[in-house]
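Participant: make a model of this:
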Amino acid sequence: MQQPPKLLVDLFKAYYDARKNKRKSSDCLAFEMNYEKNLFQLYQEIINNQYDISRSFVFCVF
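Facilitator: Residues are numbered from 1 along each chain as shown. Here you go, the predicted model:
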């Protein structure tokens with residue numbers, strides 16, 4: 001059986017790490033409903049050089 005590409009494995013690991021202890025916001029829930037499809041789509045965009053980096057959001061908690 002062939003191993004999945006390292007980038008794809010890394011995307012799934014990053015997703016699982018990012019969702020740990022996170023609030024269940026509507027954006028998180030929407031992504032999680034189809035997370036496999038979303039991660040495979042992201043993988044395809046990256047390997048085809050079609051991924052467009054968007055602005056990130058930062059917030060501080062005191």
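Participant: what pLDDT does the residue nearest to I47 when sequence neighbours are not counted get?
Facilitator: Setting aside the residues directly before and after it, I47 is nearest to L7 in space (Cβ to Cβ, 6 or more residues apart in numbering), at 7.1 Å. All C-beta atoms are positioned from the backbone trio N, CA, C, and that covers glycine. Per-residue pLDDT puts L7 at 96.
Participant: check which helix or strand covers L7.
Facilitator: Using DSSP states H and E, L7 falls within helix 6-19.
Participant: quick one: contacts of that helix?
Facilitator: 28, 32, 35, 39-40, 42-43, 46-47 (Cβ atoms under 8 Å, 6 or more residues apart in numbering).
Participant: apply 10 Å and report the result again.
Facilitator: The contact list for helix 6-19 (Cβ atoms under 10 Å, 6 or more residues apart in numbering) reads 3-5, 28, 31-32, 35-36, 38-40, 42-44, 46-47.
Participant: separate out the buried members of those residues.
Facilitator: Taking 16 or more other Cβ atoms under 10 Å as the criterion, what is buried in the contacts of helix 6-19 is 39, 42-43.
Participant: want to try CSV for those, with distance to K13, pLDDT and secondary structure as columns?
Facilitator: Shown next, in CSV, are these (distance: Cβ to Cβ, whole Å; pLDDT from 0 to 100; DSSP: H, G, I helix; E, B strand; the rest coil):
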residue, distance to K13, pLDDT, secondary structure
L39, 10, 97, helix
L42, 13, 96, helix
Y43, 13, 96, helix
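Participant: and the residue nearest to I47, how many neighbours does it have?
Facilitator: Residue neighbour count, defined by other Cβ atoms under 10 Å, stands at 11 for L7.
Participant: helices and strands of the protein: which one has the lowest mean pLDDT?
Facilitator: The least trusted helix or strand in the chain, going by mean pLDDT, DSSP states H and E, turns out to be helix 26-33, with a mean of 86.
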